[in-house]
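S.K.: Would you be able to build a 3D model of this:
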Amino acid sequence: MGFLVGSQNGVRGGGCFRSLIRRKQVDSVHFKRHGHHQLAKELSVPHLIAIGIFFFFFFGVGSTIGAGIYILVGTVAREHSGPALFISFLIAGIAAALSAFCYAELASRCPSAGSAYHYSYICVGEGAAWLIGWALILEYTIGGSAVARGISPNLALFFGGQDSLPFFLARQHIPGLDVLVDPCAAVLVLVVTGLLCVGIKEVPTSTLAQAVVTSINVCAMLFIIIAGSYLGFKTGWAGYELPAGYFPFGVDGMLAGSATVFFAYIGFDSVASTAEEVKNPQRDLPLGIGLALSICCFLYMLVSVVIVGLVPYYAMDPDTPISSAFAAFGMQWAAYLVAAGAVMALCSTLMGSILPQPRILMAMARDGLLPSFFSDVNKRSQVPVKSTLVTGLGSAVLAFFMDVSQLAGMVSVGTLLAFTMVAISVLILRYVPPNEVPFPSSLQEIIDSVSLRYSTGSPDVTKEKSGFYASTSMDSNLPLLGKATAIEYPIIVKQEAQGNFVINEGSRRKIAGWTITATCVGAFLLAYAASDLNLPRLLRFILCGIGGALLLFGLIVLTCIEQDDARHNFGHSGGFICPFVPLLPIVCFLVNVYLLINLGAATWTRVSVWLIVGVLVYTFYGRTHSSLLDAVYVPATHADEIYRSSGESSP
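M.R.: Prediction:
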């Protein structure tokens with residue numbers, strides 16, 4: 001273990017690869033960002049549950065229930081799942097639940113704005129963090145746009161139909177471009193953006209308007225489940241009596257539906273994105289994530305079972321599936337009630353969808369990967385107003401031009417990529433947590449004095465050190481596999497007292513790092529071979545065999561070797577601990593990758609354009625402006641001493 005210096009010259013001389021593996025530290029009580037205003041800590045468990053669901057517990061804004069129930073039910077049932085829609089929601093919910101356990105541990109240990117981007121930057125490296133952050137920007141921008149596009153059809157029911165809205169708000173078809181524009185959706189996004197600029201404390205507090213919205217939402221949901229069940233039993237569940245059976249598009253269609261409805265489970269990622277504004281993140285974040293996800297999944301399945309049973313999947317209205325289902329039975333008054341609940345729920349969902357993205361932009365700008373413009377926090381409202389405005393304008397443009405069916409799959413890509421990286425981050429945290437801490441180069445003199453003290457200091461100090469060395473970050477390019485040490489030891493050493501053999505720490509980290517890498521490769525090969533039916537049978541069997549063998553090997557090795565003791569002191573201790581490691585994160589990774597592959601070529605083509613733009617932005621700006629460009633890396637065991645020394649030397 002020693003001191004590493006990641007210099008600007010070293011990074012540029014070593015090429016772009018070494019910038020991809022730079023890792024930042026967990027924000028601690030010692031570390032304050034100079035020049036950055038902190039977000040207001042105003043959120044508790046009820047706020048977090050409300051952010052993750054909708055106006056369910058007295059106050060707050062929502063981010064999932066409206067999108068999942070009022071938008072995706074019709075589209076996914078018609079195009080992918082058919083009567084098996086509830087199974088699609090169940091599979092997506094199981095995958096989300098696995099990710100929720102991983103999120104809960106990382107959110108309580110690393111409570112800072114940025115969510116999966118923040119965790120990836122700490123555990124994996126700058127390159128992975130940039131990819132996730134860039135995907136999350138797409139996810140939340142498009143998520144807000146998709147929700148806004150779902151509001152106008154429901155709102156139009158109160159005016160007599162789609163063509164009855166005022167001209168300046170009604171949807172218009174542009175023949176030359178073959179585009180159906182939605183001015184109402186764009187206006188709603190801009191209104192919500194203005195509300196969010198006021199401040200997170202002012203917007204979600206209990207007011208008369210919020211209480212009215214909450215009541216309408218709860219009553220509408222209860223009515224859909226109870227009245228829909230009554231109609232279903234009375235009419236014989238016509239939607240399930242079909243000659244094509246429960247899987248008209250096959251199992252693959254049902255799985256493709258699961259990948260699409262993953263859009264509906266971004267709520268607890270929104271909860272994690274607000275971590276810096278939570279009063280007690282170690283306790284409240286896991287509770288907020290778990291309760292929000294449980295309620296969401298339960299409601300999704302109940303509503304999908306009822307609605308698909310009332311109306312055959314091919315006859316469902318993709319824009320207003322629930323209200324039109326009741327109207328088909330002559331219950332027009334019920335359609336109005338459901339439409340009112342849909343409008344209220346989708347408005348709260350829209351607010352919850354736009355809320356997290358400015359915090360992602362702010363976190364990336366704080367790290368130097370985006371211009372500092374995005375990191376400015378308003379002193380009065382303690383909200384990143386500039387980032388919120390940019391987010392709102394982008395969402396408004398997309399809501400004006402793009403259709404919900406085009407938007408939903410693209411949102412799921414960002415969600416699934418983030419969940420996949422979070423699962424990997426938990427494995428890294430447990431087996432090869434970062435053992436070095438980056439410090440600004442301005443503390444170089446203090447770091448040198450501490451290094452000299454450990455090199456030539458007292459006997460108590462020299463007993464602790466295993467050897468020091470000086471080098472640049474170019475000497476190490478595999479952060480998962482640990483750093484080189486000054487003294488080489490055999491891989492296996494014998495403990496004389498017990499008479500058994502154990503793996504020394506340096507070798508254990510290398511074995512764990514390579515095993516995690518092999519496990520991820522195996523999971524990808526297995527998921528790809530199982531999903532791509534166009535591959536020759538022999539090639540599919542070979543890839544499945546190789547992937548399965550790597551996956552099983554990784555699971556066995558990680559189960560047998562010990563987890564790193566440093567995990568107990570990593571970040572903020574005392575929070576939630578993910579159970580069944582390594583099994584749970586590995587299964588989470590496998591399921592998420594499988595769903596990603598099932599999203600389809602058209603979705604990946606659109607997303608690839610955005611990711612390519614992100615690569616260019618990082619190459620020409622983020623890589624050379626990163627706050628870690630001149631970072632000095634020191635052993636984590638000596639970080640506290642350097643903090644104390646820097647505090648003593650400061651005026």
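
S.K.: what residue ranges in the stretch 51-200 of the chain score low on pLDDT?
M.R.: 51-68, 112-114, 162-163, 199-200 (pLDDT under 70).

S.K.: Helices of that one, residue ranges please.
M.R.: 65-70, 72-76, 85-109, 116-123, 126-156, 183-198 (DSSP state H, counting those that start in this stretch).

S.K.: quick one: which of these is nearest residue 429?
M.R.: Residue 429 sits nearest to helix 116-123 of all those, at 5.7 Å, using CB to CB. In this view, the C-beta of every residue, glycine as well, is placed from N, C-alpha and C.

S.K.: which residues sit against that closest one?
M.R.: Contacts to helix 116-123, defined as CB atoms under 8 Å, 6 or more residues apart in numbering, come from residues 23-26, 103, 106, 110, 112, 114, 128-129, 131-133, 136, 269, 272, 360, 363-364, 367, 418-419, 421-422, 424-425, 428-429, 433-434, 571.

S.K.: With just CA atoms, put it into CSV.
M.R.: Provided in CSV are the C-alpha atoms of helix 116-123 (Å, rounded to 0.1, in the frame of the first residue of the first chain):
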residue,chain,number,x,y,z
ALA,A,116,-26.4,5.2,-9.6
TYR,A,117,-23.9,7.6,-11.2
HIS,A,118,-22.5,8.4,-7.8
TYR,A,119,-22.2,4.8,-6.8
SER,A,120,-20.5,3.8,-10.1
TYR,A,121,-18.0,6.6,-9.8
ILE,A,122,-17.0,5.4,-6.3
CYS,A,123,-16.9,1.7,-7.0
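
S.K.: Buried residues in it, which are they?
M.R.: Within helix 116-123, the residues scored as buried using 16 or more other CB atoms under 10 Å are 116, 117, 118, 119, 120, 121, 122, 123.

S.K.: how many other residues sit next to the closest residue to residue 169 other than its chain neighbours?
M.R.: Sequence neighbours aside, residue 184 is the residue nearest to residue 169 in space, at 4.2 Å (criterion: CB to CB, 6 or more residues apart in numbering). Neighbours of residue 184 under the rule other CB atoms under 10 Å: 23.

S.K.: show me the contacts for the residue most central in space within the chain.
M.R.: By CA atoms, centre = their mean, the chain has its centre lying nearest to residue 418, at 4.1 Å. Residues in contact with residue 418 (CB under 8 Å, 6+ apart) are 115, 116, 117, 132, 135, 136, 139, 269.

S.K.: switch the cut-off to 10 Å
M.R.: 99, 103, 115-117, 119-120, 131-133, 135-136, 139, 266, 269, 272, 592 (CB atoms under 10 Å, 6 or more residues apart in numbering).

S.K.: same thing with residue 370?
M.R.: 130, 133-134, 137, 360-364, 387, 617-618, 621-622, 625.

S.K.: swap the cut-off to 6 Å and go again
M.R.: residue 364 (CB atoms under 6 Å, 6 or more residues apart in numbering).

S.K.: And it, how close does it get to residue 418?
M.R.: Note on residue 370: its distance to residue 418, by CB to CB, to the nearest Å, is 18 Å.

S.K.: ok, now residue 504?
M.R.: 35 Å.

S.K.: do you know how far the closest residue to the residue nearest to the centre of the chain other than its chain neighbours is from residue 550?
M.R.: Using CB to CB, 6+ apart and skipping residues adjacent in sequence, the residue nearest residue 418 is residue 116, 3.7 Å away. To residue 550, residue 116 is 25 Å away according to CB to CB.

S.K.: go on, residue 323?
M.R.: 49 Å.

S.K.: Over to residue 262?
M.R.: Counting by CB to CB - residue 262 and residue 550 are separated by 25 Å.

S.K.: before we move on, what about residue 453?
M.R.: Distance from residue 453 to residue 550, by CB to CB: 45 Å.

S.K.: likewise residue 118?
M.R.: 29 Å.

S.K.: do the same with residue 595
M.R.: For residue 595, the distance to residue 550 - CB to CB - is 20 Å.

S.K.: One more: residue 261?
M.R.: Taken as CB to CB, the span from residue 261 to residue 550 is 30 Å.

S.K.: More neighbours: which of those two?
M.R.: residue 261 (29 against 21).

S.K.: ok, the more buried one touching residue 71?
M.R.: No: counting by CB atoms under 6 Å, residue 261 does not reach residue 71; the two are 9.9 Å apart.

S.K.: In the stretch 551-651 of the chain, what residue spans correspond to helices?
M.R.: 583-597, 601-617, 623-625, 639-649.

S.K.: deepest of those, which one?
M.R.: helix 583-597 (a mean of 23; mean count of other CB atoms under 10 Å).

S.K.: So for that one, mean pLDDT?
M.R.: Helix 583-597 shows a mean pLDDT of 91.

S.K.: pLDDT at the nearest residue to residue 101 once chain neighbours are set aside, what is it?
M.R.: Distances taken as CB to CB, 6+ apart place residue 578 nearest to residue 101, at 4.8 Å, with adjacent residues excluded. Looking at residue 578, its pLDDT is 84.

S.K.: gap between residue 578 and residue 333?
M.R.: 48 Å.

S.K.: Comparing those two, which residue is more hemmed in?
M.R.: residue 578 (22 against 10).

S.K.: ok, that one - contacts?
M.R.: 101, 102, 105, 426 are the contacts of residue 578 under CB under 6 Å, 6+ apart.

S.K.: I figured the second one was touching residue 423, is that so?
M.R.: Yes: the pair residue 102 and residue 423 qualifies as a contact (CB under 6 Å) at a distance of 5.2 Å.

S.K.: Determine the residues that are contacts of both of those two.
M.R.: Common neighbours of residue 102 and residue 423 (CB under 6 Å, 6+ apart) are residue 585.

S.K.: list the contacts for residue 618?
M.R.: residue 130.

S.K.: Any figure for the gap between it and residue 137?
M.R.: Residue 618 is 12 Å from residue 137, by CB to CB.

S.K.: Which pLDDT does the model give residue 259?
M.R.: On the pLDDT scale, residue 259 gets 82.

S.K.: so it touches residue 596, yeah?
M.R.: No: with contact defined as CB under 6 Å, residue 259 and residue 596 do not form a contacting pair (7.1 Å).

S.K.: For this protein, just list every one of the strands.
M.R.: 3-5, 172-174, 179-181, 436-439, 470-472, 492-494, 501-503, 632-635 (DSSP state E).

S.K.: Report the mean confidence score over the last one.
M.R.: For strand 632-635, mean pLDDT rounds to 81.

S.K.: how far does that strand sit from the chain's center?
M.R.: Here the centre of strand 632-635 is set off from its chain's centre by 29 Å, with CA atoms, centre = their mean, to the nearest Å.
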